[in-house]
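Asks: Here is the input, now give the coordinates:
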Amino acid sequence: MKKPPRRPRSKAEKALATRLRLTRRLIRRRGKPAGAMPGTVVHTGEQKVDRITFDVVYYNAEEFEEYHPTRLEECFPFENEGHTSWLNVDGLHDTQQITRLGELAGLHSLVIEDIASTAQRPKIEDYDDRLYVVMRMLRANSATGEIDEEQLSLVLGPRSLISVQEAPGDVFDPVRERIRSGKGRIRQRGPDYLAYALMDAVVDEYFVIVETLSERLERIEDSVLDDPTRADMANLHRLRGELLIVRRAIYPLREIFNTIIRDDHELISAETKLFLRDTYDHAVQVIDSVETLRDVVSGLMELYLSNVSMRMNEVMKVLTVVGTVFIPLTFLVGVYGMNFKFMPELFWPWAYPTLWAIMILLAGGMLLHFHRRGWL
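Replies: As a prediction, this is how the structure comes out:
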């Protein structure tokens, strides 16, 4: 049976759909059944890839090796003596593979559970011989104008680092290029410095996101100040949602970096902590920028509503003046429109022009009075 065509949605329905879309992006479903056993691996996000892919990098000051296994078992044994080992995994939907990754790498069951659950808040957890860090990786989507976000999990070990993402494509290309070319100090440092480099790349991308949102806000601000429209309010609402996504991603990073810098852990060297302090400063700068943009968005929303209210007041004032002027005129023509037989004014030769003169003088006098009172 052929389905009837869907009716076009009204502007109110479209606005409601936009709000729901933002809500779904901001509030992720938990996915794990209530009362489930700790360590239960449940994938709670979208399936963004057809199959999980792996990238393995070994390097030290003199050597570098990179290859792309097709099977997870080919990545192990993973840690290479005398080298820093980096395993990057793209894809989280296959819980069997993620569970197998934890078994081969010797990860705690709670770490595997958090890796598969994409609704994690950015955090850091200490598992004695491993440090587990969760971050939100953001990128600006030029096609949709929205911010794409995904969960990034980092598992730092004594000689290795495991990074797990939701899909291929990330902000780590500059780090990979420095490793391949041997530029900088990354090849002379251990996995803790590699973890710092990846986290720093994520935070640096936040600056790009904030600059993009700032440019969008400037265009909306010009439109609101010049000639505000309903589209401006919708754009402001979407922009506020994007800022909430950035704020949710960046705000917990202060706690993460403070924990790493403050606590003593054998996996993080004192020299790496110095660089992490710089990344912490960058995170604070992004937080300040996001809060500033949120204040500007709130101010523009209030300005838009004020402009709409002022326009409505102007329209109502004009309608009120017109109605007030015509009330006495309507009264006069109503009186002389009655069908009484004995109305002496009806038989006066100058009755009609006299009535017009009275109405014109009455209306003109009222308009002059309104003008002197500043109502016009």
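Asks: Now do L244 against V297, distance only.
Replies: To V297, L244 is 10 Å away according to CB to CB, to the nearest Å. Yep, even glycine has a C-beta here, placed from its N, CA and C like the rest.
Asks: Name the residue in those two with the higher neighbour count.
Replies: V297 (21 against 15; other CB atoms under 10 Å).
Asks: Please enumerate the strands of the protein.
Replies: Taking DSSP state E as the criterion, the chain carries its strands at 53-59, 64-67, 84-90, 123-126, 131-140, 147-156, 160-165.
Asks: pLDDT averaged over the first one, what's the number?
Replies: When you say that, I think you mean strand 53-59. Strand 53-59 shows a mean pLDDT of 92.
Asks: List the buried residues for stretch 214-231?
Replies: By neighbour count on 16 or more other CB atoms under 10 Å, the buried set for stretch 214-231 is 216-217, 220-221, 223-224, 228.
Asks: mind exporting stretch 239-248 as PDB, just the C-alpha atoms?
Replies: Coordinates of each C-alpha in stretch 239-248 appear next as PDB, following Å, rounded to 0.1, in the frame of the first residue of the first chain:
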ATOM      1  CA  LEU A 239      25.200  28.200  18.200                       C
ATOM      2  CA  ARG A 240      24.400  28.000  21.800                       C
ATOM      3  CA  GLY A 241      24.000  24.300  21.500                       C
ATOM      4  CA  GLU A 242      27.400  24.000  19.800                       C
ATOM      5  CA  LEU A 243      29.000  26.100  22.600                       C
ATOM      6  CA  LEU A 244      27.400  23.700  25.200                       C
ATOM      7  CA  ILE A 245      29.100  20.800  23.400                       C
ATOM      8  CA  VAL A 246      32.500  22.500  23.500                       C
ATOM      9  CA  ARG A 247      31.900  23.500  27.200                       C
ATOM     10  CA  ARG A 248      31.000  19.900  28.100                       C
END
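Asks: burial measure for G106, as a count.
Replies: A count of nearby residues for G106, using other CB under 10 Å, gives 10.
Asks: between the strands of the chain, which gets nearest to I256?
Replies: strand 123-126 (4.7 Å; CB to CB).
Asks: Mind listing residues that contact that closest one?
Replies: 110-111, 114, 131-134, 252, 255-256, 259-260, 263, 265 (CB atoms under 8 Å, 6 or more residues apart in numbering).
Asks: how about stretch 329-338: buried residues?
Replies: By neighbour count on 16+ other CB under 10 Å, the buried set for stretch 329-338 is L329.
Asks: returning to what we had before: need the max-distance pair from the buried residues of stretch 214-231.
Replies: So, the buried residues of stretch 214-231 by CB to CB: farthest apart are R216 and P228, at 15.9 Å.
Asks: can you list the domain ranges for this structure.
Replies: 39-306, 317-372 (automatic domain parsing).
Asks: ok, back up a step: which members of the contacts of strand 123-126 are classed as buried?
Replies: 111, 114, 131-134, 252, 256, 259-260.
Asks: and stretch 179-195, how far from the chain's centre?
Replies: 32 Å (CA atoms, centre = their mean, to the nearest Å).
Asks: so how far is the first residue of that stretch from its last?
Replies: Taking CA to CA, to the nearest Å, the first and last residues of stretch 179-195 lie 13 Å apart.
Asks: what about it, average pLDDT?
Replies: Averaging pLDDT along stretch 179-195 gives 91.
Asks: in that stretch, what's buried?
Replies: Within stretch 179-195, judged by 16+ other CB under 10 Å, the buried ones are 179, 186-187, 189-195.
Asks: how near is the residue nearest the centre of the chain to E291?
Replies: For the chain, the residue nearest the mean C-alpha position is E242 (1.9 Å; CA atoms, centre = their mean). According to CB to CB, E242 and E291 sit 14 Å apart.
Asks: cool, and S109?
Replies: From S109 to E291 the distance is 38 Å (CB to CB).
Asks: and if you look at G190?
Replies: For G190 relative to E291 (CB to CB), the value is 36 Å.
Asks: tally of neighbours for E266?
Replies: E266, neighbours per other CB under 10 Å, totals 9.
Asks: Now K183: closest residue in space that isn't a chain neighbour?
Replies: Using CB to CB, 6 or more residues apart in numbering and skipping residues adjacent in sequence, the residue nearest K183 is E177, 7.8 Å away.
Asks: give me every residue that touches the residue nearest to Q120 when sequence neighbours are not counted.
Replies: Nearest residue to Q120, sequence neighbours excluded (CB to CB, 6+ apart): V134, at 4.6 Å. When contacts are counted by CB under 8 Å, 6+ apart, V134 touches 114, 120-124, 151-154.
Asks: mind running it again at 7 Å?
Replies: Taking CB atoms under 7 Å, 6 or more residues apart in numbering as the criterion, V134 is in contact with 114, 120, 122-123, 151, 153.
Asks: How about R178?
Replies: Residues 184, 186 are the ones in contact with R178 under the rule CB under 7 Å, 6+ apart.
Asks: Name the spans of this protein whose pLDDT lies under the cut-off.
Replies: The chain contains residues with pLDDT under 70 at 1-40, 43.
Asks: Please enumerate the helices of it.
Replies: 11-26, 95-105, 109-116, 173-181, 191-226, 230-250, 253-262, 270-335, 351-372 (DSSP state H).
Asks: The spatially closest residue to E291 that is not a sequence neighbour and S181: what is the separation?
Replies: Nearest non-adjacent residue to E291, counting by CB to CB, 6+ apart: R247, 7.7 Å away. Distance of R247 to S181, given as CB to CB: 35 Å.
Asks: repeat for F340
Replies: With distances taken as CB to CB, F340 is found 105 Å from S181.
Asks: Could you do L253 as well?
Replies: Plainly put, L253 is 28 Å away from S181 if you go by CB to CB.
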